[in-house]
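Colleague: Just the structure for this:
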Amino acid sequence: MAQNSNKLYTVLPNVKKGVADVGRQIHTDLNLEDFTNEIWVDVFDYDGVYEVSNLGRFKSLQREANTRWGSTRTVQEKILKQSVRKAENGRIDGLQVYVGKTKNSAKFIFQSFFPEIDFKKNECVMHINKDCLDNRIENLKKVTRKKSKQNDMVKSIRTIIATPKNLQKAVETNKEFYDNRTHKECSKCGKIDLVDSFPNDVIKCQNCINNYVVKKREKYKYTNTEKKCNGCGEVKKHIKFPKLDNTCKKCRYEIHKQYQIEQRENLGDWYVKEYGKANYGHKIFTKDLINELRNEIINRDSPKYFLDNESFVTISDFARYVELKYSIQKTTTEKRIKSGAKEIDCTLSESDYRRKFSGTDKGQIKITDCVTKQIYLFKNTTDKKIQDMFSLATITRKVNTGKPTRVTKASKYKNPCLIERA
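Modeller: As a prediction, this is how the structure comes out:
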């Protein structure tokens with residue numbers, strides 16, 4: 001009477017019921033009773049000695065065998081036990097069976113059911129559901145070793161179901177550690193560096209990543225073929241593309257140009273790093289350093305010169321505005337600003353500017369006649385009316401000393417006067 005393969009779950013109370021779970025446990029059943037729909041065929045190159053089933057079990061048939069003493073004995077029929085084959089790192093690599101010598105169970109089963117198929121050096125048997133303990137014939141497929149490795153990189157259903165729970169558990173367990181750590185070890189070179197020196201969510205340092213890309217580009221060779229650009233969609237020659245890139249050089253230039261504009265306008269990290277490299281020669285950038293450089297750029301780009309309700313960031317922009325509106329040469333304005341003059345002073349003509357900063361134009365002049373007590377007010381020392389009364393030297397001297405003027409034959413004004421600033 002055939003047995004049901006689902007009964008295997010009686011010995012697996014903690015395993016969720018599923019087809020893959022059935023297949024990976026069938027080889028452990030050494031009972032001679034057949035499973036439902038189990039089909040037996042002769043083992044490849046062992047006709048009449050061993051049989052294999054479509055569920056992955058091996059059977060040694062009853063037969064007469066010679067002993068080492070020259071007599072014969074009867075070998076009883078039994079199910080052969082299969083052992084787990086492991087790789088050097090301890091990973092389960094499949095099942096193996098002993099039939100005079102050790103054989104790879106998966107390949108042996110496939111060859112027994114399809115003896116007309118030959119295997120090349122680069123070909124092997126792949127488990128479709130990625131469970132290397134499930135040797136059912138419908139789970140086996142002949143592929144190249146490259147295809148088999150690609151299949152190993154795809155997550156199985158069991159892994160996809162378990163991954164979110166495992167990640168959540170890992171995050172809850174190690175959240176405090178990962179949030180507070182300041183350094184990180186590179187998985188490639190073993191170098192320990194600041195966490196900020198590693199790309200986001202990457203365990204390799206930036207130097208190892210750069211070296212890998214450089215070596216890959218050095219080995220890259222152009223061909224005479226053509227390929228389609230991901231940017232403009234045109235089919236171009238291979239030489240029109242950068243190495244390891246499917247976007248042509250022209251499109252890549254436009255993309256990078258637009259990226260530069262956006263970074264400059266928004267003060268992105270890339271623009272700030274380029275500023276630090278060009279001005280200070282920084283090579284390693286932390287978050288604090290990037291924020292410090294960003295604040296420096298903001299202060300640098302803030303308006304520094306104000307005139308006529310207009311603001312200007314650079315001296316050049318301010319001097320250009322003064323030249324257009326007040327007809328003062330650009331170089332003259334720049335010299336005045338660098339010498340410490342105010343913005344409003346830059347609008348003065350050359351003569352007015354010199355007079356103001358030479359000491360001859362420091363405010364109104366007040367002259368009081370000591371005899372008549374009459375008071376005269378003048379705009380400055382350059383006023384023609386005051387020059388008709390006193391010489392410039394006399395005005396300057398009496399303003400500084402505070403003493404009244406003396407009357408002589410050469411005096412223009414015949415009364416003594418007190419000269420002072422108004």
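Colleague: which residues does Lys86 contact?
Modeller: Counting by C-beta atoms under 8 Å, 6 or more residues apart in numbering, Lys86 touches 92-93. Bear in mind the C-beta positions are built from the backbone N, C-alpha and C, glycine included.
Colleague: And the strands in the stretch 201-350 of the chain, which stretches?
Modeller: Taking DSSP state E, counting those that start in this stretch as the criterion, the stretch 201-350 of the chain carries its strands at 226-228, 235-237, 305-307, 310-312.
Colleague: go on, the stretch 51-200 of the chain?
Modeller: 58-60, 63-66, 72-75, 78-79, 83-86, 92-98, 102-104, 123-127, 140-144, 183-185, 192-194.
Colleague: Run through the neighbouring helices and strands of the first one.
Modeller: When contacts are defined as 3 or more C-beta pairs under 8 Å, 6 or more residues apart in numbering; DSSP states H and E, strand 58-60 sits against strand 46-53, strand 78-79.
Colleague: And for the longest one?
Modeller: Counting contacts by 3+ C-beta pairs under 8 Å, 6+ apart, the secondary-structure elements packed against strand 92-98 are strand 83-86, strand 102-104, helix 105-113.
Colleague: If we ignore the residues flanking it in sequence, what's nearest Thr368?
Modeller: Once its chain neighbours are removed from consideration, Thr368 has its nearest residue in Leu418; the separation is 4.6 Å (C-beta to C-beta, 6 or more residues apart in numbering).
Colleague: ditto for Leu348
Modeller: The spatially closest residue to Leu348, leaving aside those adjacent along the chain, is Lys356, at 6.8 Å (C-beta to C-beta, 6+ apart).
Colleague: Over to Arg136?
Modeller: For Arg136, the nearest residue in space outside its immediate sequence neighbours is Gly23; the separation is 4.8 Å by C-beta to C-beta, 6+ apart.
Colleague: Next up, the contacts around that neighbour.
Modeller: By C-beta under 8 Å, 6+ apart, Gly23 lies in contact with 55-56, 129, 131, 133-136, 139.
Colleague: I'd assumed it was in a helix, is it?
Modeller: Yes - Gly23 forms part of a helix when assessed by DSSP: H, G, I helix; E, B strand; the rest coil.
Colleague: residues contacting Ala341?
Modeller: Listed by C-beta under 8 Å, 6+ apart, the contact set of Ala341 reads 353, 357.
Colleague: any idea how far it is from Tyr353?
Modeller: Computed with C-beta to C-beta, to the nearest Å, the distance linking Ala341 and Tyr353 is 8 Å.
Colleague: Asp42 too?
Modeller: Spatial separation of Asp42 from Tyr353 under the definition C-beta to C-beta is 113 Å.
Colleague: Repeat that for Gln168.
Modeller: Relative to Tyr353, Gln168 is positioned 74 Å away (criterion: C-beta to C-beta).
Colleague: And for Tyr259?
Modeller: With the distance defined as C-beta to C-beta, Tyr259 ends up 47 Å from Tyr353.
Colleague: any idea where the helices of the stretch 201-350 of the chain begin and end?
Modeller: Remark: helices assigned in the stretch 201-350 of the chain by DSSP state H, counting those that start in this stretch are 206-219, 249-266, 269-280, 287-301, 315-326, 330-338, 350-358.
Colleague: quick one: contacts for the residue positioned nearest the centre of the chain?
Modeller: Among the residues of the chain, Pro199 comes closest to the average C-alpha position under C-alpha atoms, centre = their mean, at 5.3 Å. With contacts defined as C-beta under 8 Å, 6+ apart, Pro199 is in contact with 206, 209.
Colleague: Mind pulling the model confidence for it?
Modeller: Reading off the confidence values, Pro199 has pLDDT 80.
Colleague: Please tell me how far it sits from Gly94.
Modeller: According to C-beta to C-beta, Pro199 and Gly94 sit 37 Å apart.
Colleague: Next: Leu194.
Modeller: Using C-beta to C-beta, one gets 44 Å for the distance from Leu194 to Gly94.
Colleague: and what of Ile375?
Modeller: 118 Å.
Colleague: For Asn207, see how far away the residue nearest to the centre of the chain is.
Modeller: Pro199 sits 11 Å away from Asn207, taking C-beta to C-beta as the criterion.
Colleague: and what of Asn54?
Modeller: The separation that Asn54 has from Asn207, given C-beta to C-beta, amounts to 54 Å.
Colleague: what about stretch 383-396, average pLDDT?
Modeller: Summarised as a single mean, pLDDT over stretch 383-396 is 87.
Colleague: Next, the buried residues of it.
Modeller: 386, 389-390, 394-395 (16 or more other C-beta atoms under 10 Å).
Colleague: hmm, who's touching it?
Modeller: Stretch 383-396 has contacts (C-beta under 8 Å, 6+ apart) with 360, 365, 367, 376, 378, 381, 398, 405, 412-413, 417, 419.
Colleague: do that again at 10 Å, thanks
Modeller: Applying C-beta atoms under 10 Å, 6 or more residues apart in numbering, the contact partners of stretch 383-396 are 359-360, 364-365, 367, 376-382, 397-398, 405-406, 410-413, 417, 419.
Colleague: wait, Ser60 sits on Leu30?
Modeller: No - contact status for Ser60 versus Leu30: not in contact, 11.2 Å apart, counting by C-beta atoms under 10 Å.
Colleague: The two: which has the busier surroundings?
Modeller: Using other C-beta atoms under 10 Å as the criterion, Ser60 and Leu30 rank with Ser60 on top: 17 against 11.
Colleague: Contact partners for the more buried one?
Modeller: 43, 46, 49-51, 75-80, 99.
Colleague: Which one of those is nearest to Lys237?
Modeller: Each of the contacts of Ser60 was scored against Lys237 by C-beta to C-beta, and Val43 proved nearest at 55.8 Å.
Colleague: Asp42 and Tyr353 - which one has more neighbours?
Modeller: Neighbours were tallied for Asp42 and for Tyr353 using other C-beta under 10 Å; the higher tally belongs to Tyr353 (18 against 15).
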